[in-house]
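>>> Structure for this input, please:
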Amino acid sequence: QVQLVESGGGLVQAGGSLRLSCAASGRSFDAYHVAWFRQAPGKEHEFVASISSRGGTTYGTDFVKGRFTISRDNAKNTVYLQMNSLKPEDTAVYYCAASTLYSGSYYRNDYAYWGQGTQVTVSS
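Okay, here's the model as predicted:
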């Protein structure tokens, strides 16, 4: 199993940047595909981006392309989400999730392991 802890959220003005981190504990982190989801108040979880277990393949939704970048450092057991040009509509709780089976899945049920989330608030 793997335990995930997100950090790096906060309050930022529109146009600003944040880098989220997802730190993993447990064995064989490089066996896990990892995704970022987000959940805005009153809305369902929404897929943001994912990265394959060795980092060779990434996926991102249209609304983050050109603004968000997902990366990982398996030596540090950490996945990152660099978020630039933030918009008020990016305000949400951001979660990282891991799966040994699915790479690039948009479906939250495909990820067995989840962190507790980190709040990102973008002011206009």
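>>> quick one: what helix or strand has the residue nearest the centre of the chain in it?
Central residue of the chain (C-alpha atoms, centre = their mean): Trp36, 2.4 Å from the mean position. Trp36 is part of strand 33-39, with elements assigned from DSSP states H and E.
>>> What are the buried residues along that strand?
For strand 33-39, burial by neighbour count (16 or more other C-beta atoms under 10 Å) applies to 33-38. C-beta: built from backbone N, CA, C; applies to glycine.
>>> returning to what we had before: which residues pair with the residue nearest to the centre of the chain across the strands?
Bridge pairing for Trp36 (DSSP bridges) gives the partners Ala49, Cys96.
>>> Over to Trp114?
When bridges are called by DSSP bridges, Trp114 pairs up with Ala97.
>>> Over to the one 4 residues further on?
Taking DSSP bridges as the rule, Thr118 bridges to Tyr94.
>>> Just to check, it is in contact with Leu4?
No: contact criterion C-beta atoms under 8 Å: Thr118 and Leu4 do not qualify, at 10.9 Å.
>>> following the helix or strand bottoming out on mean pLDDT in the chain, which helix or strand comes up?
Ranked by mean pLDDT, DSSP states H and E, the weakest helix or strand in the chain is strand 58-60, scoring a mean of 87. Toward the C-terminus, strand 58-60 is succeeded by strand 68-73 as the next helix or strand (DSSP H and E).
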